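Q: sequence first, predicted coordinates after that:
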There are 2 protein chains.
Amino acid sequence: MPPRVPVVHVAALIGGAAGLLLLARAMSASRAPARTRRRVVVIGAGFGGLQASTALARMADVELCVLDQHNHHLFQPLLYQVATAALSVEDIASPIRGIIPTRARPRVLMDRVTGIDAPGHRVLCEDRSFPYDFLVVATGSEPSYFGHEAWRRSAPGLKTLDDALELRRRILSAFERAVVATGEPAERARMLTFVLVGAGPTGVEMAGAIAELARDMVRRDFHTRDRMRARIVLVEAGPRVLPDFAADLSRSAARALSAMGVEVRTDTRVTTIADGAIHCAFHGGDEVIAAETIIWMAGVAATPVASWLGIEPDRNGRIAVEPDLRVPGQPDIYVIGDAALVTDAHGKRLPGVAPVAKQQGGYVADAIARRIRARPAAGAFAYRDYGTLATIGRNKAVAEFGSVHLTGFVAWVTWAVAHIFFLIGFRNRVLVSAKWLISYVTRERGGRVIT
Amino acid sequence: MPPRVPVVHVAALIGGAAGLLLLARAMSASRAPARTRRRVVVIGAGFGGLQASTALARMADVELCVLDQHNHHLFQPLLYQVATAALSVEDIASPIRGIIPTRARPRVLMDRVTGIDAPGHRVLCEDRSFPYDFLVVATGSEPSYFGHEAWRRSAPGLKTLDDALELRRRILSAFERAVVATGEPAERARMLTFVLVGAGPTGVEMAGAIAELARDMVRRDFHTRDRMRARIVLVEAGPRVLPDFAADLSRSAARALSAMGVEVRTDTRVTTIADGAIHCAFHGGDEVIAAETIIWMAGVAATPVASWLGIEPDRNGRIAVEPDLRVPGQPDIYVIGDAALVTDAHGKRLPGVAPVAKQQGGYVADAIARRIRARPAAGAFAYRDYGTLATIGRNKAVAEFGSVHLTGFVAWVTWAVAHIFFLIGFRNRVLVSAKWLISYVTRERGGRVIT
């Protein structure tokens, strides 16, 4: 005897199945079939590339591939805190795979790009290549020595996590070596002299951080009989520190640095750098500073994207792009961030900072979506400047929001809150907040570890 | 007219000054004059050396000098968590200078010891030497390959922070390379195979941690189409995992590992290790496992302290010391921790674990104080075993406190609380607790960063 199935149950089953089918259809419709998806390749997962990638990854009609030579996105504004032992590597680096939404199943690959085959619409890596319909180049910049390549070894810059760990090792080792130095006092003084070249935000922040690290660490970990006294010199070719800030904020920052014991040398050019010594020239004289640690923060240049594209770059390696961030003559290639040379409506060059790169990343994702969906193009890219911040040390910072200029504790809290807000991920926000709070109270840095 | 000073004020002033003088005298008396202080040198700031140093640093009649080739004390029990991206380097490493109390102004120096001049009572470093009245050698151990030195490169061990970072890099890179591997499936399988040699606590903890890292990371960061599947093999020459634990706990640990997908191979000997492959032999056969990552956790040997002292060590490089931890024939030299071979009252060798080293460190500090102050010597060193813990993974651990055996969640919480308690410093306790809590809730590891 067949089992008896009430009619109402069968109807419910059929209705349910039909509903599920409709739902499945609706869901699959929201993801376009693979052959109609357009391939977008993003090179670089810095601020610009990541912003573009996260937006593109949400688009059902985009097949996204993100290439980066590292497996992590780096929050560069806090890199100097890794170098000065206030934060850990993991606090400011997040795996790229973990950030980009997986709805449209983007490919995230750790590989080194070797070139671009623009006519063939392919990105070239060592072992393989990636076809694209649209390409976003967001490869950033690296320290530039303006032709003095020999200086690179003696005066490293600060762009990657490895740079930061190497600088931390140099800074902490200088103190360890100085305490055991048996030679003459001049040699000990040389070991504890730190010269920073370039007084932009990173140079100022790093100088302040080294001054605080040295002061707190010597006070806590060494004895007076160890005769440890660090000397920090900040050399700037221009007439003032923080040249991109308003003049009153520059003066405030310079005063704060001096109060912390940093020797600020403006209008001073570097003429030679060798291992252990830096030669400077200023109006009416020159000077040789004997220093074990010299840090280069005077300039950056774009990575070799210009040579990939066979285009003549500007003197900083950047590519002058169209107002819609496309490469002239290459309508399917966008260049953003530090690799792009963009001028605003007043003819002023946009600075190589995170907000510019992020806004450009969002702009190109939207521009690509409009082209794929055959919607009218947006206007030219326009940068919206929300303000600039730089920190000098404990309770000391400067902030410029249009005509509103802040200094001291208020600027410092604004800086801290803004950086926590822009950090990626709940975990990093919690940990960095906790570390800053503990350091603020105890005046101790957790990262004084030489590896 | 001279100002009128009431007599009572003058008396109070004189009294106060006299009181201050007496106080200052009393304070300076509590620190013995420099020439009567006895010089104690401690080599190594691991668990044993640090325990001895912190006790000795509090003694006014001791002039302490601590030598270590690193600037930090390392909390080795959690080193595997750095290797598997759960913790940062800074969480488990603390600058030695920051730990040792500074009351008696100890010298803490980062230097590499090259030998001991026992007749001359001097510790030799490359550029200088340190005289001592009493010497504590706490130099620990390093991975030992039982004569197969060629295996070291293919199968690194886990003893230092650099080891941990190198292993982390290898493990994370294996996944990154596997996802872009274009070759045959066998090659991809080899990339994702991890073999651990030795199923002591570290091997078991590392195997469990890699299994969880692989599972959570693949689930979160990769797509099914990436066809990522890690294989973890734990090879043990003996008949069971965790041989120092009770048999029921060994069985529990083995079951937990199997449930996590770890292949446990007991009674299996390693015959050869080469880059990318490990050869094993077991009763009735042998096997070659193709594996990109091979980790050596099968044994350690003491560092070259025996050759420094011209003494024949045991097969693990340890020095058989007297019951009071002194070197036979060298009454002023103490050897503690992994470098010492000590047997308990039942003739059983003490294991090379942190509690043994710490208790020995405290013992020698007391023994030296007694000798300086001409008090009667203490009895032989006696180890007090408070219990043993090993964790396997989330909610999985084993704990043995005498006849009390714990497994599962209870053991795991006990393990976590004990390790937080024994960590050094408020900051590290807060940060590690926070990280474990976040990881427990989100099943995410913060350290998935390849440097």
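A: Cool, the structure landed.
Q: quick check: residues of the stretch 151-300 of chain A near chain B?
A: A:161-162, A:165, A:172, A:176, A:179-180, A:182, A:220-223, A:225 (C-beta under 8 Å from any C-beta of the partner chain). (C-beta placed from N, C-alpha, C; glycine too.)
Q: which SS state does A:V398 fall under?
A: Here A:V398 is recorded as strand under DSSP: H, G, I helix; E, B strand; the rest coil.
Q: doesn't A:V404 make contact with it?
A: No: counting by C-beta atoms under 8 Å, A:V398 stays clear of A:V404, with 11.6 Å between them.
Q: higher neighbour count, the two?
A: A:V398 (29 against 8; other C-beta atoms under 10 Å in any protein chain shown).
Q: report how many residues lie close to A:R269.
A: Number of residues near A:R269 (other C-beta under 10 Å) recorded here: 16.
Q: let me fix that, I meant to ask about A:I368.
A: 23.
Q: before we move on, back to that, next, format the residues of the stretch 151-300 of chain A next to chain B as CSV and append pLDDT.
A: Compiled in CSV, those are given as follows (pLDDT from 0 to 100):
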residue, pLDDT
A:L161, 94
A:D162, 94
A:L165, 94
A:L172, 94
A:E176, 89
A:V179, 84
A:V180, 80
A:T182, 70
A:R220, 79
A:D221, 80
A:F222, 80
A:H223, 72
A:R225, 57
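Q: show me what residue of the stretch 101-250 of chain A gets nearest to chain B.
A: Here the residue of the stretch 101-250 of chain A nearest chain B is A:D221; by C-beta to the nearest C-beta that distance is 3.7 Å.
Q: not counting its neighbours along the chain, what's nearest that residue?
A: Once flanking residues are discounted, A:D221 sits nearest to B:R97: 3.7 Å by C-beta to C-beta, 6 or more residues apart in numbering or on different chains.
Q: got the contact list for the one you found?
A: Contacts of B:R97 were listed using C-beta atoms under 8 Å, 6 or more residues apart in numbering or on different chains, and they are A:220-222, B:71, B:108.
Q: what's the first helix or strand after the host helix or strand of it?
A: Taking DSSP states H and E as the criterion, B:R97 maps to helix B:96-99. Scanning forward in sequence from helix B:96-99 by DSSP H and E, the next helix or strand is strand B:107-110.
Q: that next one pairs with which strands, and in what direction?
A: Paired neighbours of strand B:107-110 in the sheet (DSSP bridges): strand B:62-68 (parallel).
Q: give me the mean pLDDT for the strand it pairs with.
A: Strand B:62-68 carries an average pLDDT of 96.
Q: show residues contacting the helix or strand just after that strand.
A: Moving toward the C-terminus from strand B:62-68, the next helix or strand (DSSP H and E) is strand B:72-74. Identification of contacts with strand B:72-74 by C-beta under 8 Å, 6+ apart yields A:448-450, B:45-46, B:50, B:92-96, B:99, B:160-161, B:424.
Q: out of the residues you listed, who has the most neighbours?
A: Going by other C-beta under 10 Å, B:A45 tops these with 31 neighbours.
Q: can you give me phi and psi for the closest residue to A:G425 other than its chain neighbours?
A: Among residues not flanking A:G425 along the chain, A:S94 sits closest, at 5.5 Å (C-beta to C-beta, 6+ apart). As for A:S94, its main-chain torsions (degrees, to the nearest 10) stand at phi -130, psi 140.
Q: quick one: residues contacting A:S94.
A: A:72-73, A:75, A:424-425, A:428, B:449.
Q: around chain B, which positions in the stretch 351-451 of chain A sit nearby?
A: A:426-428, A:430-431, A:434-435, A:438, A:442, A:444, A:446-451.
Q: list the buried residues of stretch A:402-422.
A: For stretch A:402-422, a neighbour-count test (16 or more other C-beta atoms under 10 Å in any protein chain shown) marks A:406-407, A:411-412, A:414-416, A:419 as buried.
Q: err, stretch A:331-343, not the other one
A: A:333-342.
Q: same check on stretch A:203-222?
A: Judged by neighbour count (16+ other C-beta under 10 Å), stretch A:203-222 contains these buried residues: A:203-218, A:220-222.
Q: which parts of the stretch 151-300 of chain A are helices?
A: A:151-154, A:161-180, A:185-191, A:201-221, A:247-259 (DSSP state H, counting those that start in this stretch).
Q: relative to chain B, how far out is A:S307?
A: Relative to chain B, A:S307 is positioned 24 Å away (C-beta to the nearest C-beta, to the nearest Å).
Q: count the neighbours of the residue lying closest to A:A340 once chain neighbours are set aside for me.
A: Leaving out its chain neighbours, the residue that sits closest to A:A340 by C-beta to C-beta, 6+ apart is A:V321, at 5.0 Å. Neighbour count of A:V321, defined by other C-beta under 10 Å: 23.
Q: and A:V321, what does it touch?
A: Residues counted as contacts of A:V321 (C-beta under 8 Å, 6+ apart) are A:327-328, A:334-335, A:340-342.
Q: if we can go back for a sec, going by distance to A:R384, which of the residues of the stretch 151-300 of chain A next to chain B wins?
A: A:L161 (30.0 Å; C-beta to C-beta).
Q: how is chain A carved up into domains?
A: Domain assignment of chain A by automatic domain parsing yields the ranges A:34-143+A:301-372, A:151-298.
Q: the buried residues of stretch A:402-422: which two are farthest apart?
A: Spatially, the most separated pair among those is A:T407 and A:H419, at 17.4 Å (C-beta to C-beta).
Q: around chain B, which positions in the stretch 1-150 of chain A sit nearby?
A: A:70-72, A:88-91, A:93-95, A:97-98, A:102, A:105, A:108-111, A:127-128.
Q: restricted to helices, list the buried residues of stretch A:402-422.
A: A:411-412, A:414-416, A:419 (DSSP state H).
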